[in-house]
Structures are given as C-alpha cells and as structure tokens.
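**Q** Here is the input, now give the coordinates:
(one chain, ligands or ions: 1)
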Amino acid sequence: MKFIWKSLVSVVLVFLLLVGCSTEKDNQTEGKIVVVATTGMIGDLVENIGGEHVEVTSLMGPGVDPHLYKATQGDVKTLDEADMILYNGLHLEGKMEEIFEQMGKQKPTIAVTQDIAKENLHEVKVGEYDPHIWFDVTLWMQAAHTVNKALIKENPEHQESYQKNYEAYIKKLEELHKYVQSEINTIPESQRVLVTAHDAFGYFGAAYGLEVKGLQGMNTVSEYGSKDVIDLRNYLIKNEIKAIFIETSVSKKAIEAVIQGAKKQGHTVKIGGELFSDAMGEKGTEKGTYLGMVRHNTDTIVNALK
Ligand SMILES: [Zn+2]
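**A** Next up, the predicted model:
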C-alpha cells in the first residue's frame, strides 16, 4: 500500500512538472512580445495598448530620476533580450543614448515622442526641446498613437486587439484631459502659479493655463545655486505665492531652502504637496498608473492653490 502511495505521488509530481513546463513554453510560443520601456509612464502606456499580447518591463521605478539614470549591467541584459525598446527621447534619458543607438541596430528602438510635430514642442535652446510631454494629455495621446503603430508593425497578427485597446485608452485620456482642465479652472486666476523643484511642468502649464516656475532647470543634471534659491524666494514674495510643491523623484532639500529663505523675509510659504513629475507611484496603486498620477497631481495642485 505504501508503495502504491509513493508511486501515485511521483506520478502526480511528474504530471505537475510537465504542466508547469508546458505553460511556460506556451507563454513563449503564444507570441507575446517582450517590450522594455524606460519610464513607468511609457511602460503603463504599452500595457494598456498591448494588453495580453505584451510582456512589459519598465527600467525606472518609483522615485527614479530619468535625467540621471544610468543603465545597470542587468538593464543591458534586459534590453538585449527584448523584442522592442520604447523610450521617451528628447534627451530625457540623457545617459542612455549610446545604448539606444546600439540597440537600434538590432531591434526596434523607438522614442515615443518621435511623431510629435516640432511646433508642438517647447524649444529650450536651439534644437533642444523640453522632454516632459506626458503632462499635456493631448501630447501623450500622440505618444499612444506611436506605441500602437509600433506594436502593430512588430506583431501584425494582433492588430485588431491593439487598435481596440488603443481606441479605448484614447477615450480615457480624453476624459482625463477634460477633468484636468475643469479642475484647474476652479483655482482663482491670480493663484494659478505652479512652483516646483525642477521644470517638469512646462507642458502642463501651457496646456491648462498655469504659470510654471522651477528652481532647477529642465534637467536635474545641472545643480541649482544659491542665486537660484534667492531668485525663487523673491519671486514667491513678490507674487504672494502661498504654496510650492515637492517632487517624488527630486530631493526636497532645495525647496526647503527656498521656504526657509522666504520665512526669514516674513513670507510664509507651505509645501502644497508631493507631485509625481518624472516617475510614477508604486505599481499596483492608482498613482502607479498614468491616469492616476495625473489625477493625483491635479487634485494636489487644486487643493493647495484654491
Ligand atoms: Zn525632468
């Protein structure tokens, strides 16, 4: 009897092993395409359009600053094994450009901003553009179009599915765009000023009617100086600004220095809250999605400035 039990257990084990192996193999033969995205925002976009037909990895998690990000050995392996690479471009991932160039020789390596017309971009210096396009939801719709096109080209057999997901997601983006606009409109006009640590909200401000001011420039690579702190302090006092914002991917030390400086001059500024600028929240939470991130930022800004 004992012997029969033992053989039964072995048979079940062997069976389970076989099932395990075959599902693993199925995943590969099912035709899932392996996509590596740089930022969480891009990864989220690919998941929404690709659905069940894609396997997405985002290299940069919550709190990670893409301007400073350098690919690790592990990242290079991940990029090497991908079928397709999607990145922001416009020099957002300033320290990864050589890798994109190398990978581009082997596989589709696509900047999601590549189809946005230059006249819709903000030129910072000659030939250099603000990369933070995801904060104008209408520009992000164009990035969605580029992702949809890339997935269909790579994997035409699921074209219908991608197209359907894309159209459904565009509807959500249209709703989001309207939500942001109507919420920002509730802030008194004189208070529609958004002061943050680095200049990530230029497109947001232009699209929804806020004046935007950052302590640090567009790029966090260059350090801010004491003159920047004093200039921003004077700006806050002159314009009677009551709240400024910290960002999850940038140190809040600089913003605290500005607040201290204003306080010494008798002007009280509070931290209006924490905004997601160049990275999203934890995966699995609402703020870990693009839609949730933009809503969170909007609500935080409106609550502090209203
Ligand atoms: Zn940035």
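**Q** any idea where the strands of the stretch 201-306 of the chain begin and end?
**A** For the stretch 201-306 of the chain, the strands defined by DSSP state E, counting those that start in this stretch cover 211-216, 243-247, 270-275.
**Q** ugh, typo on my part, it should be the stretch 51-200 of the chain
**A** 54-58, 84-87, 109-111, 123-125, 128-129, 193-198.
**Q** Packed most tightly, which of these would that be?
**A** strand 84-87 (a mean of 25; mean count of other C-beta atoms under 10 Å). Where C-beta positions appear, they are placed from N, C-alpha and C, glycine not excepted.
**Q** Contact residues of the stretch 151-300 of the chain facing the ion?
**A** For the stretch 151-300 of the chain, the residues in contact with the ion (C-beta under 5 Å from the ion) are 200, 278.
**Q** switch to 8 Å and redo it
**A** 198-200, 218-220, 249-250, 277-278 (C-beta under 8 Å from the ion).
**Q** Reformat the residues you listed as a markdown table; add pLDDT.
**A** A markdown table is the format used below for these (pLDDT from 0 to 100):
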| residue | pLDDT |
| --- | --- |
| 198 | 87 |
| 199 | 90 |
| 200 | 94 |
| 218 | 76 |
| 219 | 80 |
| 220 | 81 |
| 249 | 89 |
| 250 | 88 |
| 277 | 95 |
| 278 | 96 |
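**Q** Narrow the residues you listed to those that are buried.
**A** Using 16 or more other C-beta atoms under 10 Å as the burial test, those include 198-200, 218-220, 249-250, 277-278 as buried.
**Q** nearest residue to the residue of the stretch 51-200 of the chain found nearest the ion other than its sequence neighbours?
**A** Residue nearest to the ion within the stretch 51-200 of the chain: residue 200 (4.3 Å; C-beta to the ion). In space, and not counting its chain neighbours, residue 200 is closest to residue 277: 3.8 Å by C-beta to C-beta, 6 or more residues apart in numbering.
**Q** Could you verify my assumption that that neighbour touches residue 132?
**A** Yes. Here residue 277 lies in contact with residue 132, judged by C-beta atoms under 8 Å, at a distance of 7.4 Å.
**Q** any residues in contact with both of those two?
**A** Applying C-beta atoms under 8 Å, 6 or more residues apart in numbering, one finds that residue 277 and residue 132 are jointly contacted by 200-201.
**Q** Can you list the strands that the helix or strand residue 35 falls within pairs with?
**A** Per DSSP states H and E, residue 35 falls inside strand 33-37. Strand 33-37 sits in its sheet next to strand 54-58 (parallel), strand 84-87 (parallel), going by DSSP bridges.
**Q** now the residue of the stretch 201-306 of the chain found nearest the ion, nearest residue through space, not along the chain?
**A** As assessed by C-beta to the ion, the ion sits closest to residue 278 within the stretch 201-306 of the chain, at 4.2 Å. Closest residue in space to residue 278, ignoring its immediate chain neighbours: residue 249 at 4.7 Å, by C-beta to C-beta, 6+ apart.
**Q** circling back to that earlier point, right, so the strands of the stretch 201-306 of the chain: which one is the most enclosed?
**A** strand 243-247 comes out most buried of the strands of the stretch 201-306 of the chain by mean count of other C-beta under 10 Å, with a mean of 22.
**Q** Would you enumerate the residues in contact with the residue of the stretch 201-306 of the chain closest to the ion?
**A** Neighbouring residues of residue 278 by C-beta under 8 Å, 6+ apart: 39, 64-67, 92, 132, 200, 247, 249-250.
**Q** Show the contacting residues for the residue of the stretch 51-200 of the chain closest to the ion.
**A** Residue 200 makes contact with 132, 135, 214, 218, 247, 277-278 under the criterion C-beta under 8 Å, 6+ apart.
**Q** mind redoing it with 10 Å?
**A** Residues near residue 200 by C-beta atoms under 10 Å, 6 or more residues apart in numbering: 67, 130-132, 134-135, 194, 212, 214, 216, 218, 220, 247, 249-250, 275-278.
**Q** Residue 55 now?
**A** 27-28, 32-36, 46-47, 82-83.
**Q** Looking at strand pairing, list the partners for it.
**A** Beta-bridge partners of residue 55, as defined by DSSP bridges: residue 34.
**Q** where exactly do the helices run in the protein?
**A** Ranges of helices in the chain, per DSSP state H, are 2-29, 40-50, 73-81, 97-104, 137-154, 159-184, 202-208, 226-238, 253-264, 290-305.
**Q** Show the pLDDT at the most centrally placed residue in the chain.
**A** Computing the C-alpha centroid of the chain and ranking residues by C-alpha atoms, centre = their mean puts residue 41 first, at 3.0 Å. What the model reports for residue 41 is a pLDDT of 98.
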